[in-house]
Each structure stands twice: as C-alpha cells, then as structure tokens.
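Undergrad: Kindly return the folded structure for what I paste below:
(3 chains)
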Amino acid sequence: MIHQEILIVRTPGRCTTDLSTQIGAVVGRSQVRTGIAHVFVQHTSASLMLCENADPSVRRDLETFMARLAPDGAPWYAHDMEGPDDMPAHIRSVLTSNGLTLPVGEGRLLLGTWQGVYLWEHRQSSHQRRLVVTVQGEQH
Amino acid sequence: MIHQEILIVRTPGRCTTDLSTQIGAVVGRSQVRTGIAHVFVQHTSASLMLCENADPSVRRDLETFMARLAPDGAPWYAHDMEGPDDMPAHIRSVLTSNGLTLPVGEGRLLLGTWQGVYLWEHRQSSHQRRLVVTVQGEQH
Amino acid sequence: MIHQEILIVRTPGRCTTDLSTQIGAVVGRSQVRTGIAHVFVQHTSASLMLCENADPSVRRDLETFMARLAPDGAPWYAHDMEGPDDMPAHIRSVLTSNGLTLPVGEGRLLLGTWQGVYLWEHRQSSHQRRLVVTVQGEQH
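TA: Okay, the predicted model is just below:
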C-alpha cells in the first residue's frame, strides 16, 4: 500500500522547524500499520534532520557548528549568485540530508523518545519549501 | 511483504560495532528475496554508517576526524547537560545518519565486498541502543 | 511491485557525474507509478549526493570544501595503504551518503527543479563503480 502527499512549509529564514506532528499525521492518513515513511525536500538549500527535541540549545549549537564550518561569505566561494548565504546553504544540505526514511509500526512513526524530525532552512530569508511524503507498507 | 524487528545493542562506549551479520540475519528471517532493508537508530547520540570493513585503521581515523571536527568539551557548546561528550555526540549523529536503507537481492543484503554496516556510539559511556529493522519486498 | 537493476559507472577520477537521467530511465522501466526509488553505491570511497544542477561552480566549491576539511595526505591519517587520497575518500563518503531514496510520482522521479542526482568519485584515479537501483511501489 502506498500513500503520497505534498507538504508546503513556509520557513521564516535560517532555523529549524519541527515537522514530527505533520509527518505523523500523514502516516495516520495513510492507514499503513507497518512499513516506512519517506520524507523528501525538493530543494538543495534546505534539509532534514533528526535531532534531540527536548533542549533547544542543541539546535542552536548545531547552527553555531555549521556557521563555523561553512561560514556565510567565505572568501573562497566561487558560487555566490544569490548572496553570501547561498553556497553555505548547499554545503549544509550535503552534510545533512535531503531525505529521511523513518520506520512505521502500529500505525505510527517509530521515533525514539527524544527524536524530532526537523526541516532545516539554511537560507537567511523566508522560503516556501516543498516536501514529498511517501508512506509504504501493510495497512490495518 | 513487510517484516519488522527490534534489535537491542549494548555498546561499550565510543566505538563502532559491526552489525552486518545481525542485519543480514533479519533479512534472512524476513524471507524477502528482492527489496530494501531499512535500519534505524532511535537515538540522537549514536548513528549508523557504511564503512570499509577490512582495515580497522579506517574507523580509527574516522574517530580522529570527528574528534578534531567536534571535540569533546569545546568551549562554545551551550548544551553540556550530560557532560563534555553530549553535544559532540549530537553533531556526529547529524553529520552521519540515524538511518540506512540497503538493497536486498537473492534473499540477502547487496553490500559491496568491502562494506560493513556499523553502529557508531558517540557517547563515552556504555549505552543500550534500540534499532528498528524493516525489510520490504517480494518474498521467495 | 519491485524492480531492481545494477548500473556500472566508470568515473574519470575525482569529480561528480550526473546520474539523474539514468536513474529516471530505471524508474521508467520499472513501470512504478507511485513509490520510491533507492540508489545505492557498493563502495566506501564514492558516494551519492543531491545537488544544485544549474551552476557547476556549486560542485566545484563542494570539492574545495571537502579538500579543506579532509585534505589528501593529512599527516595524522593512519590508513594510507592506497595512497594519500585513500582515507579522505572514506571520510567524504561518510559525510555524504552511500544511498539515496527518492520519491516517485506519476511514473517519474519527483526531484525539485534544481536537483540533480550525482555520483561523487572521491579517489583521484578512474574507478568502475557498481550501483544497485531498487524501485518499489504501485504500477500503472
């Protein structure tokens, strides 16, 4: 059984947005009991990550880590057509992931207690991001 | 056809554990002949990786690489509730992967000759890690 | 419905090769209308990435980024059996991905407008790389 939905998420600029509830709702609508849910961002300057969901300082430290590793406006970037945050956004996407596959069991996402699914906007300005969620498995 | 199992792995602290045989055994029990196997760690301070399985110095160098990139106790971490290895464990997990999808063919994992599936414990102390393995495809 | 094919790609040495058309063709042959396509590289010194496909300077900057982060012949590598590009190739593979899962809808890959699927050869010399593509879903 296959269920596929498009999610549109408007990000407020560089930050993380918790999508766990939205993706859980797609799994609910799919009526899949056991299987996998695949989430995919159709962009190369935003990505997905699984992250500790209890203390927001973890995600702030991850922003700091990325800003140190691939700073905006590094002098050696050749690609800067859309500004100083253009190339670092691509680097951050490649280091994290455009897609996540998550297990589904008993009709819900089998995430760990402290795991959240986050959309990570890597551009400084607000963007509309398009995600494809595909749920596959055995139905109830 | 779907087959899902939970694996519990006790890690001895920061290191890599080869899970290739255990995951291959789940594929065997699934009776799936052609399809995919998805392995997922329900934690955000341990991760999965595919790595060269012949020379252990590759995995030692990967530890060194990560220790240089995200050292324990870096002064700029805001998140250090569980100690100096808390935040670097989250960074290492985000840079690698919480989940791996592997092809299945002729009833077995289609890994390359030198590919092993490793659980990478990023915390210094021993932890019990919970994995969900989901195998999907056509049966024998 | 499952469809699985092996692709053999000869790389000319360290560089990226656009596989989007080849993988799209496998999806076409699978006759899967809605589902997922999984692409897997059976090696640990080459990887896959989704990248901006309009301006080649993005991929050149990604090469520069990786060369700065994991330079060939860094003095601290213990593993250098196959030369100065051996260990950095493993590091680059672990930081990117050996596998990509992509959504399929209306019988084709649901990539974003600016997304390309690239095989990233991390070794300096030409290599023959073996990929397994598995397409799962509902047929037409």
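Undergrad: show me the contacts for the most centrally placed residue in chain A.
TA: Centroid-nearest residue in chain A, with Cα atoms, centre = their mean: residue A:48, separated by 2.1 Å. Applying Cβ atoms under 8 Å, 6 or more residues apart in numbering or on different chains, we find residue A:48 in contact with A:39, A:41, A:96-100, A:117-120. Using the backbone N, CA and C atoms, a C-beta is placed for each residue, glycine as well.
Undergrad: so what's it bridging to?
TA: With DSSP bridges as the criterion, residue A:48 is bridged to residue A:97, residue A:119.
Undergrad: Is it correct that residue A:12 is in contact with residue A:128?
TA: No - with contact defined as Cβ atoms under 8 Å, residue A:12 does not count as touching residue A:128 (11.4 Å).
Undergrad: any common contacting residues for these two?
TA: By Cβ under 8 Å, 6+ apart, no residue touches both residue A:12 and residue A:128.
Undergrad: Mind checking the pLDDT average for the top strand by length along chain A?
TA: Ordering each strand of chain A by length in residues (DSSP state E) puts strand A:127-139 first. What strand A:127-139 shows for mean pLDDT is 97.
Undergrad: now do stretch A:105-122
TA: The pLDDT scores in stretch A:105-122 average 98.
Undergrad: what's the first-to-last distance across it?
TA: In terms of Cα to Cα, to the nearest Å, the two terminal residues of stretch A:105-122 are separated by 32 Å.
Undergrad: mind listing what residue A:106 touches?
TA: By Cβ under 8 Å, 6+ apart, residue A:106 lies in contact with A:33-34.
Undergrad: any idea how far it lies from residue C:84?
TA: Separation of residue A:106 from residue C:84 (Cβ to Cβ, to the nearest Å): 51 Å.
Undergrad: Which of the three states applies to the closest residue to chain B within chain A?
TA: Ranked by Cβ to the nearest Cβ, the top residue of chain A for proximity to chain B is residue A:112, at 3.2 Å. Under DSSP: H, G, I helix; E, B strand; the rest coil, the three-state class of residue A:112 is coil.
Undergrad: Pull up the gap between the closest residue to it other than its chain neighbours and residue B:94, please.
TA: Ranked by Cβ to Cβ, 6 or more residues apart in numbering or on different chains and with sequence neighbours excluded, the top spatial neighbour of residue A:112 is residue B:42, at 3.2 Å. Computed as Cβ to Cβ, the residue B:42 to residue B:94 distance reads 16 Å.
Undergrad: Buried ones among the contacts of residue A:48?
TA: By neighbour count, with 16 or more other Cβ atoms under 10 Å in any protein chain shown, these hold A:39, A:41, A:96-100, A:117-120 as buried.
Undergrad: coming back round to it: got the contact list for the residue nearest to residue A:112?
TA: Counting by Cβ under 8 Å, 6+ apart, residue B:42 makes contact with A:110-113, A:115, B:129-132.
Undergrad: from those residues, which single one is nearest residue A:140?
TA: Closest to residue A:140 out of the contacts of residue B:42 is residue A:110 (15.9 Å), distances taken as Cβ to Cβ.
Undergrad: and the nearest residue to the closest one once chain neighbours are set aside, what are its bridge partners?
TA: Closest residue in space to residue A:110, ignoring its immediate chain neighbours: residue A:103 at 4.2 Å, by Cβ to Cβ, 6+ apart. According to DSSP bridges, the residues that bridge with residue A:103 are residue A:36.
Undergrad: which ones are touching residue A:108?
TA: A:24, A:27-28.
Undergrad: Most neighbours among those, which one?
TA: Among those, residue A:27 has the most neighbours (other Cβ atoms under 10 Å in any protein chain shown), with 23 neighbours.
Undergrad: quick one on the thing from earlier: drop anything exposed from the contacts of residue B:42.
TA: Those of the contacts of residue B:42 that meet the buried threshold are A:110-112, A:115, B:129-132, by 16+ other Cβ under 10 Å.
Undergrad: Am I right that residue A:74 is in a helix?
TA: No - using three-state DSSP, the secondary structure at residue A:74 is coil, not a helix.
Undergrad: Can you tell me how far it is from residue C:3?
TA: Separation of residue A:74 from residue C:3 (Cβ to Cβ): 43 Å.
Undergrad: And those two? Which one has more around it.
TA: Neighbours were counted for residue A:74 and for residue C:3 using other Cβ under 10 Å; residue C:3 has more, 19 against 16.
Undergrad: List the contacts of the helix or strand encompassing residue A:3.
TA: Here residue A:3 is covered by strand A:2-11, with elements defined by DSSP states H and E. By Cβ under 8 Å, 6+ apart, the surrounding residues in contact with strand A:2-11 are A:17, A:19, A:22-23, A:26, A:29-32, A:46, A:119, A:121, A:126-136, C:34-35, C:103, C:105, C:137-138.
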